[in-house]
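K.L.:
This is a predicted model, with the sequence first.
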Amino acid sequence: MRNCLPSNQATGSATMKLSSLVNKALLYFGARLVRVKKEPDASPGNVHPLDADSPDGTSIEVRKLLNLVAYTATNNVSYSAQDFQGAYHTLRIAGHEFKGQRDPEQRLQDVPFNFDGASVLDLGCNQGGMLFSIAGRIKLGVGIDYDYKMINAANRIRSYGAVTNLDFYVFDLEKENLELLRNFTHAKVDIVFLLSVCMWLKNWKSVINTARSISNVLLFESNGSVEQQQEQEACLRATYADVAIVREASTDDPLQRKRRLFLCHAHAS
């Protein structure tokens, strides 16, 4: 199997040796590492009141969901989408549409893949909007994100809608053993999503190669600078036999359009 990683990496061994030397030095000098406690997030609290009638007709239960979605937007990152009621993903709940920075349905439009009865693994799923948008079509969907706020919101939305074919888990792609991803779903899934994630990961090439080992199909959206996106595309082409451009720009996102969407197959079509 091809991949875009160098063949003679020894970084793991070097890191372990360096860690051992640092630990010995700390013990010798009697030093001690102190864990710095992070300050709590400045959250908005219940932005949708739970003890009064809603002017837009939403129920208390829906307002609870929106409060958790608003909580996901308290992170100080560009994809927090603080100015959108649905945060990063447009949500369609109980007959209401809550606009997000990105629209999952539009994002998947024209993707030449049949999701009917498919199993899907979404790496970096945010609040789960991509999987919720196709939950009625797929057999199984698993969402992974490092941010517990996102996963809490996704699981609450899933519970409210009694969506039984989706699962969401907290997992840090950069800090944890990527081989563990196989334990969250089948050994092979029909398609993996890796959408607008790689610029945030130091080990993004390893994530792409792990995705290739889990599924023969990858839906990939590049992000970052022009140079970063070119490097991401080069890695895709070194890893997959067939890499097709689905969309030249992220037309669903008014804030960041300069991203490209690819559908990758392990075998030539």
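P.N.:
Thanks, I have it.
K.L.:
now the helices for the stretch 1-150 of the chain?
P.N.:
In the stretch 1-150 of the chain, the segments counted as helices under DSSP state H, counting those that start in this stretch are 11-28, 60-72, 104-108, 129-134, 148-160.
K.L.:
other SSEs contacting the third one?
P.N.:
Going back to what we said before, that points to helix 104-108. Taking 3 or more Cβ pairs under 8 Å, 6 or more residues apart in numbering; DSSP states H and E as contact, the helices and strands that helix 104-108 lies on are helix 129-134. Glycine gets a C-beta too; all of them are placed from N, C-alpha and C.
K.L.:
Tell me the buried residues in the helix it packs on?
P.N.:
By neighbour count on 16 or more other Cβ atoms under 10 Å, the buried set for helix 129-134 is G129, M130, L131, F132, S133, I134.
K.L.:
just those residues now: which is nearest V246?
P.N.:
M130 (14.2 Å; Cβ to Cβ).
K.L.:
ok, now which ones touch that closest one?
P.N.:
Contact analysis of M130 by Cβ atoms under 8 Å, 6 or more residues apart in numbering lists H89, P104, R107, L108, D122, G143, F193, L195.
K.L.:
got CSV for those residues, with neighbour count, distance to K258 and pLDDT too?
P.N.:
Formatted as CSV, the contacts of M130 follow (neighbours: other Cβ atoms under 10 Å; distance: Cβ to Cβ, whole Å; pLDDT from 0 to 100):
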residue, neighbour count, distance to K258, pLDDT
H89, 31, 20, 84
P104, 23, 20, 91
R107, 25, 15, 90
L108, 19, 19, 94
D122, 25, 22, 98
G143, 29, 25, 98
F193, 24, 20, 98
L195, 24, 15, 97
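K.L.:
Any idea how far stretch 98-111 is from the middle of the chain?
P.N.:
15 Å (Cα atoms, centre = their mean, to the nearest Å).
K.L.:
hmm, back to that, weakest of the helices of the stretch 1-150 of the chain in terms of mean pLDDT?
P.N.:
Least confident of these, judged by mean pLDDT, is helix 11-28 with a mean of 46.
K.L.:
Report the buried residues of stretch 220-240.
P.N.:
Neighbour-count burial for stretch 220-240 flags 220-224, 229, 231-233, 235-236, 239-240 (criterion: 16+ other Cβ under 10 Å).
K.L.:
Perfect, I'm done here.
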